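J.: Provide a 3D model corresponding to the input given below.
(one chain, ligands or ions: 1)
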Amino acid sequence: MDQSMDISFLAKYDKVIVELGCGDGKLLYRLSNKDENGNTFYLGIEMDPSEYSKSCLLLSNVRCNLLFVNSPFENVIDKLPDYSVDEILSILPHPKYIDREKERFWKPLYRTLLHKIKKNGHLLLITEYTDELFSPVIYDEYTNWKEWIIETFTDLGFCIGKLTEEVPPDYKSKYLDLFSNDQERIKILTLYLSKN
Ligand SMILES: C[S@@+](CC[C@H](N)C(=O)[O-])C[C@H]1O[C@@H](n2cnc3c(N)ncnc32)[C@H](O)[C@@H]1O
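T.: This next block holds a predicted model:
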């Protein structure tokens, strides 16, 4: 990302929604299109140049409340002031950012995210559980994993709001569509993690 990313949108819009690892950008594009007020700014961050290029094709000259950035999200997040974001979306993050074995690596990121969220804001995390051998999921194992994830995010300082085993209505993305096709082997969990 260029060091001088323009963050003037923070002063121009009432609400800011940031998506981490937004892939081809279609989910954020849909959300921005559904929003009739126009007082929300949508920022999608994606590291993969080819996915980023796809997202840029969605941009229009008419609406300017949607921006895609090709960068590691860590760099962009660092540029945002504390208490500046209403909602952070993390839709099926890469295992590096959610796997149990990698938690020492990713915990600092979520601590930072908590600082960036406004007082009444939240992180919407949609993640998945799969068995190591990719066999059909045993419900008890899924429940253990779910308890672990709840405890981990509570320890990080988040309050667990709504929690569902489904994808929120109207949320569609390349990976959500892929993963939803194999519900026996891939169990989805949606968590609304708030600041208070
Ligand atoms: C499993 S895919 C999910 C993509 C999209 N959210 C979806 O649901 O289709 C994870 C995405 O995160 C991106 N990613 C991984 N680490 C990243 C990072 N540090 N910064 C920005 N993007 C990252 C990957 O390139 C990939 O597009």
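
J.: C-alpha only now, for contacts and for neighbours.
T.: Fine.

J.: Tell me where this structure has helices.
T.: 9-12, 26-34, 49-56, 73-79, 103-116, 139-155, 174-180 (DSSP state H).

J.: Which of those helices sits closest to residue 63?
T.: helix 26-34 (9.4 Å; Cα to Cα).

J.: can you list contacts of the closest one?
T.: 19, 22, 42, 44, 55, 58, 65, 66, 171, 172, 173 (Cα atoms under 8 Å, 6 or more residues apart in numbering).

J.: Looking at those, which is nearest residue 128?
T.: Distances from residue 128 to the contacts of helix 26-34, taken by Cα to Cα, are shortest for residue 173, at 14.1 Å.

J.: ok, so what distance separates the nearest residue to that closest one once chain neighbours are set aside from the ligand?
T.: Using Cα to Cα, 6 or more residues apart in numbering and skipping residues adjacent in sequence, the residue nearest residue 173 is residue 27, 5.5 Å away. For residue 27, the distance to the ligand equals 8 Å [Cα to the nearest ligand atom, to the nearest Å].

J.: Can stretch 52-63 be said to contact the ligand?
T.: No - taking Cα under 6 Å from any ligand atom as the criterion, stretch 52-63 and the ligand are apart, separated by no less than 8.5 Å.

J.: same check, this time on stretch 77-92
T.: Yes - using Cα under 6 Å from any ligand atom, stretch 77-92 comes into contact with the ligand via 91, 92.

J.: end to end, how far does that stretch reach?
T.: Distance between the two ends of stretch 77-92: 18 Å, counting by Cα to Cα, to the nearest Å.

J.: Tell me how far it lies from the chain's centre.
T.: 9 Å (Cα atoms, centre = their mean, to the nearest Å).

J.: With stretch 124-141 instead?
T.: 19 Å.

J.: Equivalent analysis for stretch 58-74, please.
T.: Its chain's C-alpha centre and that of stretch 58-74 lie 15 Å apart, by Cα atoms, centre = their mean.

J.: list the buried ones in that stretch?
T.: Neighbour counts over stretch 58-74 (16 or more other Cα atoms under 10 Å) mark 59, 65, 66, 67, 68, 69, 70, 71, 73 as buried.

J.: for residue 135, what are its contacts?
T.: residue 185.

J.: Quick one, grab the pLDDT at it.
T.: pLDDT recorded at residue 135 is 92.

J.: between the helices of the chain, which gets nearest to residue 89?
T.: Nearest of the helices of the chain to residue 89, taken as Cα to Cα: helix 26-34 at 9.2 Å.

J.: sorry, back to before: could you flag which of the contacts of helix 26-34 are buried?
T.: Applying 16+ other Cα under 10 Å to the contacts of helix 26-34 flags 19, 22, 42, 44, 55, 65, 66, 172, 173 as buried.

J.: quick one: the last one from the ligand, how far?
T.: Applying Cα to the nearest ligand atom, one obtains 4 Å for the distance of residue 173 from the ligand.

J.: one step back: redo the contacts of helix 26-34 as JSON lines? Include pLDDT.
T.: Formatted as JSON lines, these follow (pLDDT from 0 to 100):
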{"residue": "19", "pLDDT": "98"}
{"residue": "22", "pLDDT": "98"}
{"residue": "42", "pLDDT": "97"}
{"residue": "44", "pLDDT": "98"}
{"residue": "55", "pLDDT": "97"}
{"residue": "58", "pLDDT": "94"}
{"residue": "65", "pLDDT": "94"}
{"residue": "66", "pLDDT": "95"}
{"residue": "171", "pLDDT": "95"}
{"residue": "172", "pLDDT": "95"}
{"residue": "173", "pLDDT": "97"}
